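Q: Here is a sequence together with a model predicted from it:
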Amino acid sequence: MKAWQRGLVAACALLLLFGGTAYAQVSGTTPVEFPYTGNRTAVWIVAQLHTLFGAFILGAPIFVVISEWLGYRKQDLRYERLAKEVTKVTVILFSMTALTGGLFIFVLLAAYPQFTAWFINQFHLVFTVIYPLLFISGTVVLYMYSYTWDIWKGEKKGRHIALGVLLILIGMVTLFVINGPTSFMNTPVKADGVSPQDALAGATLWDKIANQTWMPLNLHRIDGNVAFGGFITGLIAAYMFMGAKTQEERAFYDWMGFAGNLIAVGATLFQPFTGLLLAYEMCDYDFSFCPYMMADQLSMFFEMQGAMIGLMFLAINYYVWLSLKRIEGAEKIRMSILVPIVMVAFPFVMMVVMNYYWIPDPMSLAFLLPLVFAPFVFGRFIPLTVSARTVMKIGFLMVLVGDAIWLTPHGFAATGAKMLPELELPEAWNFLAGMPGKLSAIFTLVVITVFNYVVYNRAIRQGIIVWGKIDFTSQFVLIFLAFTSIWTMGLMGAVRSLVRKYFHTYGLVPDFSAESFTPTLSYSAWWITGITVVFFTVVSFAVILTLRPAASKNEVPEGSPVPARAK
Amino acid sequence: MWNVIKKLSIGLVVGIALVGISRALEFPSVFQMMFFGQAMFGAAVFMLLDAPSVRTMSGAKSVISIVVFYVVLCTVFVSGASMWPQFDPEDEKGKIAKILKPKLAATEQGKAEELIARVKALDEQVKALEVRLMSLGGGRAVKEPAPPVAESPIVPKAAAAGDFMKLGEEQWQLQECYNCHKLKGEGGKKRGPELDNIGSYLTVDEIKQKIMDPKSFMAEGFEKDWEKGKMPDKFKDVMEPNDITAIATWLSTFKNTSVNTPKPIKKK
């Protein structure tokens, strides 16, 4: 796609966005009935697509600029190439973000004209001035960043990196600004002893933006976007690895897949905690959110989330396992016996500790931190060791145990109201389904993944990585991780929206339409899958369009094998 | 092949052992099946760990393999989600319509809908009268008392009949109070106090006060929950005053002293 074509797409998208905002001021419009999907699902589809593209274009620059900086600092051309290739894809997807954003406004207006007009009026300054200005600035800076790549090199590289940092900052501010109205729909301003309408009438724009779940949502999304950018980089690398013609190309894309995945995993490790913080603030705002999410209408959505995250952590660790196989000398690596002992003990110890010292009691750390660090502190004094392979296999076993705990529900019923004794967990085992149990399961997955990366790190310090020689299955693991993370994002996005129950804006604007009910998990899964497939099709097309010709040019030859200690 | 047989055998042994243990511990059969499934899934994971390397593919072969992989993923995710128990939206639709009815009636859209419903009802009455006049003759028909006016669609039946208790019980269900409070042995999960004996402690007005301002009373043993404000303070906004009185009246009839309802302490 040429520069003028990209510009045209971006201009059309901005026109859609502004046009939609202006049109929203016209009151008295009657809603359009979307055939087949219904109005709510139509809004859901475009909103989710916009969120996915937005997540990538906000997450990717963070990733790209860090990579460019690493390349500059280490004088390693691979980082530079990674950054440049991901930027090319980002430019295309930036246009898609704007297009779906404009479409989102129009579909929202057509489906819910009265609510949309009310909503835009609440955030008039944001939707008509701040957000468009940020979007235009972001577009200009992204194009500048992309087109100055080959001009600002050598001594001018610092200038280019600074431009990248500016792009990150604009992206962050855009995210923070749009998260205001998004979180406002779940947790609008409220005050003790005052009706929601009166509280809203007395609120400033800042009060509306800085609502109770704004900052937790910001944190969750920043973290999620970095993970998302990493997983998509892994996906791009997997596609290119599969299409590579030479060993040099395979070596580069093997490395790119590993680097992308590593950053994604780093960010993913924090995802459960920022997610818990968001859920905590939601429950604190209105406790009825909590049983609705965890015990009633949406409880099975959380079971599905547990299954998806369990699968993701299995895949993350499986990728480490396959990566270890391509390190010559990895079979000689041995770890202290304390590592597998801690792995096995961790979920059970944590469950007990959490039952006595629940968050935010810091006493829990007095037990858990020494346990986690014991292998590294005391390991050197204990002569007994086991092979890296055994450590990782025990790790897999405990990931399975963690998944099993996470997936154990209070009962196999979609709502607590329909719980029958033959479907319910025996009372003596209720701790498996309680929050301490779930938290210990989450921490187990995180701790074991960290331990496995420690094993990997030791292996690359003592062995030689043969880039490009990774088991071909690993490329499917990268695709799986990208697909699963996006699917899970869609699922949890649906939960965040559905928590509003029969309100467009919780407690303020009821949804009187016939679609104002909780859909089934199965129905939601169909649409989430459909949206994910559409997103993947566009991303795949963007990768083929932008990177395929470059791949044949053989830009930077990479050697293979590469001594690991040189990395 | 040996790898598959070995892992499958171990998976089966572990699965059967888990079923046996969970049965002995009186887990329902659905949990026993889940544990067995997890053991078999674990076996599959360990088979994958020791599986031989896949040879590098390229060209059309790799494209086809990616497409097939996506189809498998979509099928597994959709069918996986469909296997969990599904919430029936029909359970909720009636409730939401009842909750939103007074709010809808207050809007322009609601007023228009009410007017249309009244016009329709009147039209039906006119048609019925015409049929009677045609069959009975004008003079007699005039002396006949007019048929009762059809009930307005926005007036709750229970309220119209003055059946406050029924309306109160209905509000208990609509507002899903059972999610936190146990009553008549149902619901609760210990999130909020059991209410079977609440009528012995609080009057109708005091229960109303507690619903409208959850900080007004604190149940003994629920100090932390009271401090955190766990009981939502939204009911005064989402419920009609009549509905709050109805549920308070209904709750005040619960005076089962055999149930240990915690004593409410007045805070405001």
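A: Ah, there it is.

Q: quick one, helices of the stretch 1-150 of chain B?
A: Under the criterion DSSP state H, counting those that start in this stretch, the stretch 1-150 of chain B contains helices at B:2-24, B:29-49, B:59-83, B:90-106, B:108-136, B:138-143.

Q: Kindly state which of those is positioned closest to chain A.
A: Closest approach to chain A among the helices of the stretch 1-150 of chain B is made by helix B:59-83 (3.3 Å; CB to the nearest CB). In short, each C-beta sits where N, CA and C put it, glycine included.

Q: still on that earlier bit, just tell me which of the helices of the stretch 1-150 of chain B ends up closest to residue A:256.
A: Closest to residue A:256 of those is helix B:59-83 (CB to CB; 16.8 Å).

Q: What separation is there between residue A:194 and residue A:288?
A: According to CB to CB, to the nearest Å, residue A:194 and residue A:288 sit 19 Å apart.

Q: More neighbours: which of the two?
A: Taking neighbours as other CB atoms under 10 Å in any protein chain shown, residue A:194 and residue A:288 compare with residue A:288 leading, 22 against 14.

Q: contacting residues for the nearest residue to that one once chain neighbours are set aside?
A: Spatial nearest neighbour of residue A:288, excluding adjacent residues (CB to CB, 6 or more residues apart in numbering or on different chains): residue B:232 at 5.0 Å. Residue B:232 makes contact with A:286, A:287, A:288, B:214, according to CB atoms under 8 Å, 6 or more residues apart in numbering or on different chains.

Q: which among these gets closest to residue A:48?
A: residue A:286 (24.3 Å).

Q: Tell me, how many residues neighbour the closest one?
A: 21.

Q: Residue A:228 touches residue A:57, doesn't it?
A: No. The pair residue A:228 / residue A:57 is not scored as a contact, 10.2 Å apart, by CB atoms under 8 Å.

Q: related to what we said a few turns ago, Three-state assignment for the residue nearest to residue A:288, please.
A: coil (DSSP: H, G, I helix; E, B strand; the rest coil).

Q: still on that earlier bit, any idea which of the helices of the stretch 1-150 of chain B is most buried?
A: helix B:29-49 (a mean of 18; mean count of other CB atoms under 10 Å in any protein chain shown).

Q: can you tell me how far residue A:377 sits from residue A:363?
A: 20 Å.

Q: How about residue B:101?
A: Taking CB to CB, one finds residue B:101 at 50 Å from residue A:363.

Q: Once you drop chain neighbours, what's closest to residue A:414?
A: residue B:87 (3.8 Å).

Q: Next, the one you found: phi, psi?
A: phi -70, psi 130 (degrees, to the nearest 10).

Q: what's near enough to touch it?
A: A:296, A:297, A:298, A:300, A:414, A:415, A:518, A:520, A:521.

Q: Tell me which helix or strand residue A:457 sits in.
A: helix A:435-462 (DSSP states H and E).

Q: buried ones in that helix?
A: Buried residues in helix A:435-462, counted by 16 or more other CB atoms under 10 Å in any protein chain shown: A:436-449, A:451-456, A:459-460.
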